[in-house]
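K.L.:
Fold the following and give me the result.
(4 chains)
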Number of protein chains: 4
Amino acid sequence: MIRMSLIGAGFIGSVHATNLAAHPGVEFVGVADIDTARAVALADRHETRALDVAEALDPAVVDAVLIASSTDTHAQHLRAAAAAGLACLCEKPIDLDLQLATEVVSEVASGVGANARPMMVDFNRRFDRDYAELARLAGDGALGTVELVQMTTRGPVLPPLDYIAVSGGQMRDQTVHFFDLARWITGEDPESVYATGTVFTDPRMADLGDVDTSAVTLRMPSGTLVQIDSVRRTAYGYDERIEVLGSDGMAESDRQRTGAVTRYGRGQVTLDGLHPGWFERVAPTYRSALDHFVSAVASGTQIGPSLHEALKAQAIAEAAATSLRTGQAEQITYPALNSVG
Amino acid sequence: MIRMSLIGAGFIGSVHATNLAAHPGVEFVGVADIDTARAVALADRHETRALDVAEALDPAVVDAVLIASSTDTHAQHLRAAAAAGLACLCEKPIDLDLQLATEVVSEVASGVGANARPMMVDFNRRFDRDYAELARLAGDGALGTVELVQMTTRGPVLPPLDYIAVSGGQMRDQTVHFFDLARWITGEDPESVYATGTVFTDPRMADLGDVDTSAVTLRMPSGTLVQIDSVRRTAYGYDERIEVLGSDGMAESDRQRTGAVTRYGRGQVTLDGLHPGWFERVAPTYRSALDHFVSAVASGTQIGPSLHEALKAQAIAEAAATSLRTGQAEQITYPALNSVG
Amino acid sequence: MIRMSLIGAGFIGSVHATNLAAHPGVEFVGVADIDTARAVALADRHETRALDVAEALDPAVVDAVLIASSTDTHAQHLRAAAAAGLACLCEKPIDLDLQLATEVVSEVASGVGANARPMMVDFNRRFDRDYAELARLAGDGALGTVELVQMTTRGPVLPPLDYIAVSGGQMRDQTVHFFDLARWITGEDPESVYATGTVFTDPRMADLGDVDTSAVTLRMPSGTLVQIDSVRRTAYGYDERIEVLGSDGMAESDRQRTGAVTRYGRGQVTLDGLHPGWFERVAPTYRSALDHFVSAVASGTQIGPSLHEALKAQAIAEAAATSLRTGQAEQITYPALNSVG
Amino acid sequence: MIRMSLIGAGFIGSVHATNLAAHPGVEFVGVADIDTARAVALADRHETRALDVAEALDPAVVDAVLIASSTDTHAQHLRAAAAAGLACLCEKPIDLDLQLATEVVSEVASGVGANARPMMVDFNRRFDRDYAELARLAGDGALGTVELVQMTTRGPVLPPLDYIAVSGGQMRDQTVHFFDLARWITGEDPESVYATGTVFTDPRMADLGDVDTSAVTLRMPSGTLVQIDSVRRTAYGYDERIEVLGSDGMAESDRQRTGAVTRYGRGQVTLDGLHPGWFERVAPTYRSALDHFVSAVASGTQIGPSLHEALKAQAIAEAAATSLRTGQAEQITYPALNSVG
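P.N.:
Residues are numbered from 1 along each chain as shown, chains lettered A, B, ... in the order given. I've put the predicted structure just below:
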């Protein structure tokens, strides 16, 4: 049993709370939130305690912390967790400012020593059953040399503009998950990115310097190519799919329907539709990610996306965002760390 | 919150225990089992108490009881639950002896009055998302008149012979779920049944008077036809599917794969396989069935398969078992009750 | 090049004419029909000649004849073709009267000697690419012992009642194709049949002693079971599917859609529908059947369904028709021949 | 009946010959080829005549000509056909040199007047049943505004290097079909293109200045985005698919399997594979393209890809080839014509 606290009692915090409460290897010590009433309500629901942030990061009380607070607080909590020698599962991003994020990771990486504990960023899609199978097939050579990857990430509804305004934009908020998956599946850091995008939904998206529909191409040092289409609003629900083409075969993780009923009518056949939103599609991955984190803590080894890997995905997103503006392919510069985490 | 106890701490009992412990509307009071150590272990795992059977059926302690003990004890616990005025969710069958089962249902049905509480048999497949959709389409006329139903129920591995010996045989143990579904989907009680079967697996099945592979045809009073194939051992995993053909269209709940990855290789395309066993396929239905039962108790109305309905499915299984022996179609006689539940 | 004539210039005759005209191994000598104008028109369309029946069966003019005239004339043309030493591809049935059909086959079989030429009945579904694959998988042991076969045959529209009146009924007209496939796939002659059916479409079907919806069960000597559902009118187009379950795996030839476009809309996914009618579904099989016949003639060996095999399928249909009336399973009696063809 | 000749008796010429011979609206006058023996052999096979090129283009003999000779002769035959007032169905490209191709189209376009006859380039994929459905859905607004198109074109085997050497490269030879489809489906001329590619197969591809695997992004004036992946060699057969995402829904023409048999084995489900090569996949489109051309000639109106449209697809390919070299997005310049065809 590892003792874990949760910082953040918003929507995603409440998802984590449910998983922490149900996990057989976790003693769910409590929840902290800037809004105390919200922390109390969430703690009550799971028969645990509301904590203040200091308690949630106190190594006398907890072994590990799950950081699911607002984006602009991740960095400070990460630093505090590292200082306290806690293991840490952190929602992405470390910080929207890549410079600051790099400093945090450098500091955390250099600061840790004999007592280093796993620090994992919650790129939860790596823990999707189907994507893990793609990565396994690519990694163990079952597909031969990976030559091309096609990715689709499409949400059903444009998020609220006030969310968009603080999200960092489509590349940093939505596509970044697939930058991480692309690195993970191919085993390479892309060297260049081309991105082009359009606003089809709300013209105010353009005022925010953002797009809702984009096409991205990554080029890996080996010549492997990755194409990603990212869409904020579809009429038909939540849609993700990935194809990995190798020299010996291809594997596809197809879009998922909500059920397996087929209706045969006059001239057409109707299937169940796709999931209504991202959460229904990826909900099980949060549990699996927590499982992996708990195993990592138990084994004392990193077995999921590290802070440094998160930094790399973020660097790709930065270059992609630049490409969206310049209309040209951009080289990707990865941040140098003092010591690698 | 309804207070519920569980009788039975075997495999299926432990499945129910997990669901009872997690259900927000249930206070999981405790577990009873003929094997006290087993009850204690299961109770400990879910932070509840081991009970003796009398406590598990004590209306001062519980509002409802879930009966998941061995088949030959269902009848006595049902009677006791009814006498105590408890609501009851009971694993099928009420009793393998149809005569005794009929007596129990008559007694329970006649005994209940103003204080009647829901008594539901756990035909859990009615709570499968896809089967419920088929029943909805059939019931609300979306398919027109239902004319033909095709059902497939195929397990991956022959159960142990000592299980087979006390199971009542394929019709009463396996196919009976589909007799219940056939009644539910068509809204009719079949008037005749033809069944023919073979032993392909272990010759000792024949010594037990049982078959492992069978073809059953039901005929409804309206002329609607139902075909069911039941198989005890496939090489390819657990397989269920249902087709409902109506005058205005057809709906199919197809066999389910474990994932959505497709692998394209030289000359062939490979999908993920089917579930390894029945439990993986139907696990979510136990939760849904419990949900319905809890709603039934809360609302005071029966909203799932009643004892009387279970008796009807059992009567069909009896006639099917007779047909297996005689090689001829058999009329189905439904038991008369003193008063209908 | 084999010289072939065609007897019969109706719908199916015109299908055969197109295939005969296009076949590189066939010299299409001409067409005979009781309606001379119809023969002339069809011959003109394919730049061949109208023949009288005697010419169409004259060994000086042709090597082989394709009999696609009305059912009640098949027997006489078969006899004449045999007498003339011609190879013969004949539409099913040989004759609706099993007694007469048996006599013809006995006579043809006994009459042929050193100069025997292939006589094939056009059970065209055996030449469907997918069904041939099922038969191959079953026959070469890829599925292990075949234990259960599920077959579906469903037409979109009730044929005209005057066709029904002379068709011999659903068993002899529609299901008989699947009786042949069942024998072919399992490699066994069924020993008993149970059939039950209903009239859902036009009440006059009942006056004709026929049904439009039926469930049939065949039992093979080895214990292998076959279930067939036959439907005359669906709302959703033409539907055939076959499943073959063996001890080592299962293979399914699924229903076929007309195209591979999928439409994703709000809450549902829509596929292309099924074929509008039987002809669109099986059209390629007529070409393949002709190919096989031409190869049979060239090689001098029977490589398709023989007259004797057609007789067996017909005997199953007879027993099934009896079962429809009696409501009981019926033993199947196969006709004895003087010498087997 | 229109009188048609064929120029070119190679592989694709022989495909056209079969279709010309079978077409009910065409009198197949004869075949010309630089290799007379080859022309004679092909003519014999279809019971027509070998012609010299002059005859094949003689308006006294033919109404229309199908040009399927080697690429470097298309331009001269097109000019001659136009001068003779013949309708013309021409294999792509008009000429690999865009400047020369533009001159030809200008000349043909300006030269035609009252007697203008349809001149169609055989972008046969427009006549694929499924792609036509996509175009219909996009064109009639069923998908709302078209926002994103995803295209995949993957051949099974690297063509011989001597073919590659004269093909113009992947963009002009393979991807150009999808540039045409992209224009057709979106109804727009792309304004920029980004292409990046790799050689994974034979290093001599690089010596030829070509790639075997590429990722292309087109940007339309409205902001609609198109992603195309083009692959010369897959391990798993011939693979094409297109997705069209609109504001109101999405439609997908999925990769096509050769049959509908599914095999269920231990832990996996196996489907029939994809087509072995491009020809098997697109064979029916040649017949449909010819149908459209014949209708166009009969109606006197252009109803397929015009010479001018072919020029536009070629201009996109030129810019894409440039982008492959520069590594940057390129603006697309469309050739100006003296008068538009």
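K.L.:
now the end-to-end length of stretch A:240-252.
P.N.:
Using CA to CA, to the nearest Å, one end of stretch A:240-252 lies 11 Å from the other.
K.L.:
Not counting sequence-adjacent ones, nearest residue to residue A:2?
P.N.:
Closest residue to residue A:2 apart from its sequence neighbours, by CB to CB, 6 or more residues apart in numbering or on different chains: residue A:63 at 4.5 Å. C-beta: built from backbone N, CA, C; applies to glycine.
K.L.:
for residue A:263, same thing?
P.N.:
residue A:270 (4.4 Å).
K.L.:
Output the set of residues of chain A in proximity to chain B.
P.N.:
A:22, A:129-130, A:133-134, A:137, A:248-256, A:259-266 (CB under 8 Å from any CB of the partner chain).
K.L.:
So which of these belong to helices?
P.N.:
A:22, A:129, A:130, A:133, A:134, A:137 (DSSP state H).
K.L.:
ranges for the helices of chain A?
P.N.:
Going by DSSP H, chain A shows helices at A:11-22, A:36-45, A:53-56, A:74-83, A:98-111, A:129-139, A:161-167, A:170, A:176-186, A:204-207, A:278-299, A:307-326.
K.L.:
Can you give me the buried ones in stretch A:253-270?
P.N.:
For stretch A:253-270, burial by neighbour count (16 or more other CB atoms under 10 Å in any protein chain shown) applies to A:253-265, A:268-270.
K.L.:
In space, what's closest to the residue at the greatest distance from the centre of chain A - neighbours in sequence excluded?
P.N.:
Relative to the centre of chain A, the most outlying C-alpha is that of residue A:266, 43.0 Å out, by CA atoms, centre = their mean. Among residues not flanking residue A:266 along the chain, residue C:235 sits closest, at 5.8 Å (CB to CB, 6+ apart).
K.L.:
For residue A:268, see how far away the one you found is.
P.N.:
Distance from residue C:235 to residue A:268, counting by CB to CB, to the nearest Å: 11 Å.
K.L.:
shared neighbours of these two, anything?
P.N.:
Common contacts of residue C:235 and residue A:268 (CB atoms under 8 Å, 6 or more residues apart in numbering or on different chains): none found.
K.L.:
averaging pLDDT over each of the helices of chain A, which comes out lowest?
P.N.:
Lowest mean pLDDT of the helices of chain A: helix A:98-111, a mean of 87.
K.L.:
Report the angle between that helix and helix A:74-83.
P.N.:
With axes from the mean of the first three to the mean of the last three CA atoms, to 10 degrees applied, the angle from helix A:98-111 to helix A:74-83 works out at 0 degrees.
K.L.:
How many residues are close by the spatially closest residue to residue A:25 that is not a sequence neighbour?
P.N.:
Excluding its sequence neighbours, the residue lying closest to residue A:25 (CB to CB, 6+ apart) is residue A:294, at 4.7 Å. Residues near residue A:294, counting by other CB atoms under 10 Å in any protein chain shown, number 22.
K.L.:
Return the residues in contact with the residue in the stretch 1-150 of chain A positioned nearest to chain C.
P.N.:
In the stretch 1-150 of chain A, the residue that lies nearest chain C is residue A:150 (16.8 Å; CB to the nearest CB). By CB under 8 Å, 6+ apart, the residues touching residue A:150 are A:226, A:227, A:241, A:242, A:243, A:245, D:150, D:152, D:229.
K.L.:
shouldn't the fourth one be in contact with residue A:146?
P.N.:
In this case it means residue A:242. No. Judged on CB atoms under 8 Å, residue A:242 makes no contact with residue A:146 at a distance of 11.8 Å.
K.L.:
okay, and the common contacts of those two?
P.N.:
Joint contacts of residue A:242 and residue A:146 (CB under 8 Å, 6+ apart) are residue A:185.
K.L.:
interface residues of chain A facing chain C?
P.N.:
Counting by CB under 8 Å from any CB, chain A sits next to chain C at A:234-237, A:239, A:257, A:264-274.
K.L.:
Which residues are in contact with residue A:255?
P.N.:
Contacts were defined as CB under 8 Å, 6+ apart; by that measure residue A:255 touches A:152, A:239, A:240, A:241, A:274, B:260.
K.L.:
With adjacent residues omitted, what lies nearest to the fifth one?
P.N.:
Read that as residue A:274. For residue A:274, ignoring the flanking residues on the chain, the nearest one in space by CB to CB, 6+ apart is residue A:237 at 3.6 Å.
K.L.:
Return the residues in contact with the one you found.
P.N.:
A:156, A:273, A:274, A:275, A:276, A:277, C:264, C:266, C:267.
K.L.:
could you redo the last one with a cut-off of 6 Å?
P.N.:
A:156, A:273, A:274, A:275, A:276 (CB atoms under 6 Å, 6 or more residues apart in numbering or on different chains).
K.L.:
Determine which two of these are furthest apart.
P.N.:
A:156 and A:273 (10.4 Å; CB to CB).
K.L.:
ok so, going back, most neighbours among the contacts of residue A:150, which one is it?
P.N.:
residue A:245 (30 neighbours).
K.L.:
which residues does the nearest residue to that one once chain neighbours are set aside form a beta bridge with?
P.N.:
Of all residues not flanking residue A:245 in the chain, residue A:148 sits nearest, at 4.2 Å (CB to CB, 6+ apart). Residue A:148 has these beta-bridge partners by DSSP bridges: residue A:225, residue A:245.
K.L.:
any idea how far the residue farthest from the centre of chain A lies from residue C:234?
P.N.:
10 Å.
K.L.:
about what we covered before: among the helices of chain A, which is the most enclosed?
P.N.:
helix A:170 (a mean of 27; mean count of other CB atoms under 10 Å in any protein chain shown).
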